[in-house]
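Asks: Below: sequence and its predicted model.
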Amino acid sequence: MHDRLSAVSDECLSSGPRRAGLVQQLTHVFGGLCALYAERGEVGRRFVRATSSSSGSPMGR
């Protein structure tokens, strides 16, 4: 999952709208990540759960 996440992140960052505002750029990147999690179903849910703490901070920070 980490390899796929890295590939999707790289793809979204390189294909994003350069002249768009920050919100549109972030929406583009996070839209790609959400699509990845959706296509992987249970694996995506487990990955998000494992990399987030109960406080909502990534990686328990």
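Replies: Cool, got the structure. Owing to the predicted nature of the structure, the values given are computational and were not obtained by experimental measurement. Numbers count the residues shown, from 1 in each chain.

Asks: all helices for this structure, in order.
Replies: 2-15, 22-40, 42-50 (DSSP state H).

Asks: Any chance of the backbone angles for G41?
Replies: For G41, the backbone dihedrals are phi 50, psi -120 (criterion: degrees, to the nearest 10).

Asks: And the pLDDT at it?
Replies: G41 carries a pLDDT value of 82.

Asks: Can you get me a residue count around it?
Replies: 9 (other C-beta atoms under 10 Å). Backbone N, C-alpha and C define where each C-beta goes, glycine included.

Asks: Roughly how far does it sit from L22?
Replies: From G41 across to L22, the span is 30 Å (C-beta to C-beta, to the nearest Å).

Asks: Give the buried residues for the helix or strand bottoming out on mean pLDDT in the chain.
Replies: Across the helices and strands of the chain, mean pLDDT, DSSP states H and E gives its lowest value to helix 42-50, namely a mean of 80. In terms of neighbour count (16 or more other C-beta atoms under 10 Å), helix 42-50 has its buried residues at 44, 47.

Asks: show me where pLDDT drops low in the chain?
Replies: Counting by pLDDT under 70, the chain shows low-confidence ranges at 53-61.
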